[in-house]
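A.B. asks: Pasted the sequence and its predicted model underneath.
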Amino acid sequence: MRMLTGFLTLLFCMVFGLAGPASAADAYPSKPIKLVVPYGAGNATDAAARLLAKFLEQELKTGVAVVNVVGAAGTIGSTQVLKAKPDGYTLLWNHLSLLTAYHTGASRFTWDSLTPICNGVRFYKALVVRGDAPWNNLKEFIAEAQKKPDAINWGVNIGAGLHFEALGFETMTDTKFHYVAGEGEADQINALLGGRIDVCTPSPQIVNQYKEDGRIRALATSTEKRLPSLPDVPTYQEEGIDLTFVYEPSLYGPPGLPAAIVATLNAAMAKIMKNPEFIEGLAKLAMDPAYMDQETFKKHLLKLDADLYMFARQGGLIPRQKI
Amino acid sequence: MDILGNIASGLDLICNLKILSIVILGTTLGIMVGVIPGLTATMAVALAIPMTFSMETMSGLALLISIYVGGMTGGLISAMLLNIPGTPGNIATTFDGYPMSMRGEPGRALGYGITASFLGGGFSYLCLLFLAPAIANLALKLNYFSIFSIIMCAMVMIADSSQGSMFKALAAGCIGMLAGLVGQDPIDASYRLTFDVYHLSAGFTEASVLIGVFAIPQLLSDMKNVDLRCPHFTVTYRNIIPKLVELRESAGLLLRSALIGTGIGIIPGVGASSSAIVAYNQAKATAKTPEKFGTGVKEGILAPEAANNAVSGGAMIPLLTLGIPGCPVAALLLSGLIIKDLQPGPALFSNNADIVYGFFLAFMLANLSMFFLMLAFIKPFAQVLKLPRYLLIPPILAFCTIGAFMSNNTMVDVWVLVGFGIFGFVLEKFGYPMAPFVLGFILGPPAELQLRRGLTYSRGDITLLFTDPVSVVFLILSLVILVLPLWQQMKLSRRMASDAHTS
């Protein structure tokens, strides 16, 4: 019995260890910060958040707890931050799904309802097909898609990032694909290898995983410049398609976050983004630092939002009735 | 491939005091998390990931793996002693585990559970080592409709294996599926049954529903006689550890259950809860005295526990061979691997054979450590039953609430827990079993997802459901399971009627 109580105590410590007591200091931050990740533990956005949290802890000299609040394409977690007190102790780590959710009607707010703090890191997507697919390069792929609209199966998560990328691709190349619903990357690769879809856009890492095996081939990447990890794979731009599609998990705060707190966080983030250890950690996740200060970030979001809106309109993605 | 040489190099990585102590720590943590309903292995592994950043590759992986293995097993303790499954994988364990404990044999019940977990886990890790590449490719070929039919089959099986009226069990399963519909549509993300309540837009949280319908009704009925204690019993190691003869007579059953678990583990999105149900059902179907199931028989414990632990090895197969995580924990391990500069995927086996074998050995070691730790825990844990209920109910309720809150860090989940608790209590009073309800709730959404995905794939054509061979086999099996008991019952009542007529 004593053993049992011992364990229970230990567990309590584990459960509440994250939330230490708030000391009554005036300077921010004086207590642990909760970093909300609106996606499940283990995906790319979450992995980046956990890495960042470690460095933020060193910079800000306080605990940074990554909290996964999952659901509704990231909307539930974002809402939690939207409704939080603007004291800088609840922050959000989200990417363009915050914007797409608004265009599809999944959420009632978008980036400007929150306080954008700064841009964070960046990861990419590669357009991949099976190794035995008949298309040797992007041009052949597009030609076939133009010839046979609605015949090639493209794996997407309907209404979220992958879907918007596919819509963007359709818009820019004047093609039409048949969308097969899937969830994350794992799902897509499974369906691709199993022959249920013909094309999808996972992270470029997958391509490296299959380099020797040859069962998956990349036709293009959605980046501005070729990726160092995939030097042979052209970008959309190189192939004459005016499309870049990157995921940038970034830092947001609740609406009305005081400028002083934004400045403190920006200073810390700017420093971390130059830390070679952090960059090395990101590289392992196939990500790059993409820091932008608040003003640049806001302009960046404005443009991104306009692009996404255009894709949604041209792709016939009619906003649903908003809840 | 020189397997022995690779194992030796893997052993080199694993066999040192540091890794051993990490594994023991990890399994202990995992077991604790598993015991508490609502706290899952996934959560614990996610919390541990940042700790591994500064560790060596093998130590980090060993920590994550041992937490996972411990977490998969810990749930059987609360399932058997309190009738509250610690994880969805332990639902079937309550059917026979709890009756056996209440009969005054908690040591024996736990002993069976732990041994079966150990053997089932071990079997699946061996599969992982020797058969991984071959089976992983087979699993890829399963299309959406096949997976849908497999899930449906598991749902029908639960209706068959729960006590009481099959109609009530099916009804409870349907209500469960209905509860699972709440939230966002899995395909186009539109909102269903949310009644404009924002917090329902992600649906009901699994942990809250699970704890709600299992723990709360149990605690409420316990409150009726707060002085209730278990009959006097003693737990000795002699009655904990199953005799070799007993295991030998159940060898076939254990093997079948472990195969079921490993097989289901490989299929993405099906999970430990259904593997345990399927294993329980086959145990009942092949038993000489199926009517004794549910009263606390050995086979009813061995089968689900061997199967739910075998899922862990199965789930690792697509991760290591294809780089595709089949379950949330596998996804976390994937990020654990990547951060260590390892590329999971087909090349992992040839490029980093030592890590693969280290992975396998870490699983084996964690399994072993789980076995001995659990044996050590049995005595103190079984004493819980000697406590009067008025001492037990408050802390359990507190832990349930924490568990519900922790899954999403929102208070709403706690209210969902309370709501489903009352709902479950009322339903149980009218004889509707809760296990089919929960299975319907847990498996309804993936079943729908697979079917709807399949329909986007087939461009709206449903015929593939009835022409795909795997799908057809499972649909027929479901039908047999559904119709056979009804037919037997009809035959029985007709015979009774004619008997009454002639006499």
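C.D. replies: That came through, no problem.
A.B. asks: Just give the nearest non-adjacent residue to B:Val209, would you?
C.D. replies: Nearest residue to B:Val209, sequence neighbours excluded (Cβ to Cβ, 6 or more residues apart in numbering or on different chains): B:Phe420, at 5.1 Å. C-beta: built from backbone N, CA, C; applies to glycine.
A.B. asks: Please report how far that neighbour lies from chain A.
C.D. replies: Separation of B:Phe420 from chain A (Cβ to the nearest Cβ, to the nearest Å): 18 Å.
A.B. asks: That residue touches B:Val213, doesn't it?
C.D. replies: Yes. At 5.3 Å, B:Phe420 counts as touching B:Val213 under the criterion of Cβ atoms under 8 Å.
A.B. asks: list the buried ones in stretch A:49-59?
C.D. replies: Neighbour-count burial for stretch A:49-59, counted by 16 or more other Cβ atoms under 10 Å in any protein chain shown, picks out A:49-57, A:59.
A.B. asks: intersection of neighbour lists for B:Phe420 and B:Val213?
C.D. replies: When Cβ atoms under 8 Å, 6 or more residues apart in numbering or on different chains defines a contact, no residue borders B:Phe420 and B:Val213 alike.
A.B. asks: B:Leu128 reaches B:Met316, doesn't it?
C.D. replies: Yes. Counting by Cβ under 8 Å, B:Leu128 touches B:Met316, with 5.4 Å between them.
A.B. asks: and chain A, what are its domains?
C.D. replies: A:33-123+A:247-314, A:126-221 (automatic domain parsing).
A.B. asks: Now render the ones you listed as TSV, adding mean pLDDT and distance to B:Ala283.
C.D. replies: Output for the domains of chain A, formatted as TSV (pLDDT from 0 to 100; distance: least, Cβ to Cβ, whole Å):
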stretch	mean pLDDT	distance to B:Ala283
domain A:33-123+A:247-314	86	33
domain A:126-221	87	31
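A.B. asks: Need these in TSV (columns: distance to chain B).
C.D. replies: Shown next, in TSV, are the domains of chain A (distance: least, Cβ to the nearest Cβ, whole Å):
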stretch	distance to chain B
domain A:33-123+A:247-314	3
domain A:126-221	3
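A.B. asks: Quick one: closest of those to B:Gln489.
C.D. replies: For B:Gln489, the closest of the domains of chain A is domain A:126-221, at 40.8 Å, according to Cβ to Cβ.
A.B. asks: in the stretch 51-200 of chain A, which spans are helices?
C.D. replies: A:75-82, A:97-104, A:138-147, A:161-173, A:185-193 (DSSP state H, counting those that start in this stretch).
A.B. asks: What lies in contact with stretch B:281-299?
C.D. replies: Counting by Cβ under 8 Å, 6+ apart, B:95-103, B:105, B:109, B:112, B:157-158, B:160-161, B:163, B:242, B:246, B:250, B:253, B:256-257, B:260, B:280, B:300, B:302-303, B:481 sit against stretch B:281-299.
A.B. asks: from these, which ones fall inside helices?
C.D. replies: B:95-102, B:109, B:112, B:157-158, B:160-161, B:246, B:253, B:256-257, B:260, B:280, B:300, B:302-303, B:481 (DSSP state H).
A.B. asks: Now which of those would you call buried?
C.D. replies: Buried among the ones in helices among the contacts of stretch B:281-299 by 16+ other Cβ under 10 Å: B:95-102, B:109, B:112, B:157-158, B:160-161, B:253, B:256-257, B:260, B:280, B:300, B:302-303, B:481.
A.B. asks: What is the burial count for B:Leu126?
C.D. replies: 16 (other Cβ atoms under 10 Å in any protein chain shown).
A.B. asks: Next: A:Pro228.
C.D. replies: 9.
A.B. asks: Can you give me the distance of it to B:Leu219?
C.D. replies: 58 Å (Cβ to Cβ, to the nearest Å).
A.B. asks: Please apply the same query to A:Asn190.
C.D. replies: Taking Cβ to Cβ, one finds A:Asn190 at 41 Å from B:Leu219.
A.B. asks: swap in B:Glu299?
C.D. replies: 29 Å.
A.B. asks: Run through the residues that contact B:Gly431.
C.D. replies: Per Cβ under 8 Å, 6+ apart, neighbours of B:Gly431: B:164-165, B:168.
A.B. asks: can you pull out the strands in the stretch 51-200 of chain B?
C.D. replies: For the stretch 51-200 of chain B, the strands defined by DSSP state E, counting those that start in this stretch cover B:183-184, B:191-192.
A.B. asks: The residue nearest to B:Leu373 when sequence neighbours are not counted: how many residues sit nearby?
C.D. replies: Nearest non-adjacent residue to B:Leu373, counting by Cβ to Cβ, 6+ apart: B:Thr27, 5.6 Å away. B:Thr27 sits with 30 neighbouring residues when counted by other Cβ under 10 Å.
A.B. asks: Same question for B:Ile19.
C.D. replies: For B:Ile19, using other Cβ under 10 Å, the count is 22.
A.B. asks: ok, now which ones touch it?
C.D. replies: B:13, B:58-59, B:62, B:362, B:365.
A.B. asks: rerun at 10 Å
C.D. replies: By Cβ atoms under 10 Å, 6 or more residues apart in numbering or on different chains, the contact set of B:Ile19 is B:13, B:56, B:58-59, B:61-63, B:66, B:358, B:361-362, B:365.
A.B. asks: What helix or strand is it located in?
C.D. replies: In this structure, B:Ile19 is located in helix B:17-35 according to DSSP states H and E.
A.B. asks: Could you export that helix as CSV, CA atoms only?
C.D. replies: What follows is helix B:17-35, C-alpha atoms only, in CSV (Å, rounded to 0.1, in the frame of the first residue of the first chain):
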residue,chain,number,x,y,z
LEU,B,17,23.4,-0.6,-16.9
LYS,B,18,22.2,2.8,-18.2
ILE,B,19,19.8,1.4,-20.7
LEU,B,20,18.6,-1.2,-18.2
SER,B,21,17.8,1.5,-15.6
ILE,B,22,16.1,3.6,-18.3
VAL,B,23,13.9,0.7,-19.3
ILE,B,24,12.9,-0.1,-15.7
LEU,B,25,12.1,3.6,-15.1
GLY,B,26,10.2,3.8,-18.4
THR,B,27,8.1,0.7,-17.8
THR,B,28,7.3,1.8,-14.3
LEU,B,29,6.1,5.1,-15.6
GLY,B,30,4.1,3.4,-18.4
ILE,B,31,2.4,1.0,-16.0
MET,B,32,1.4,3.9,-13.7
VAL,B,33,0.0,5.8,-16.7
GLY,B,34,-1.8,2.7,-17.9
VAL,B,35,-3.4,2.0,-14.5
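A.B. asks: I'd like the C-alpha coordinates of stretch B:153-167 written as CSV, please.
C.D. replies: Output in CSV follows, covering the C-alpha atoms of stretch B:153-167 (Å, rounded to 0.1, in the frame of the first residue of the first chain):
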residue,chain,number,x,y,z
CYS,B,153,-16.7,-7.5,-37.9
ALA,B,154,-15.0,-6.5,-34.6
MET,B,155,-18.1,-4.5,-33.7
VAL,B,156,-20.5,-7.3,-34.4
MET,B,157,-18.3,-9.6,-32.3
ILE,B,158,-18.5,-7.3,-29.2
ALA,B,159,-22.3,-7.6,-29.4
ASP,B,160,-22.0,-11.3,-29.4
SER,B,161,-19.5,-11.5,-26.5
SER,B,162,-21.2,-9.2,-24.1
GLN,B,163,-23.6,-10.6,-21.5
GLY,B,164,-27.3,-10.5,-21.8
SER,B,165,-29.5,-9.7,-24.8
MET,B,166,-27.8,-9.5,-28.1
PHE,B,167,-30.4,-7.0,-29.3
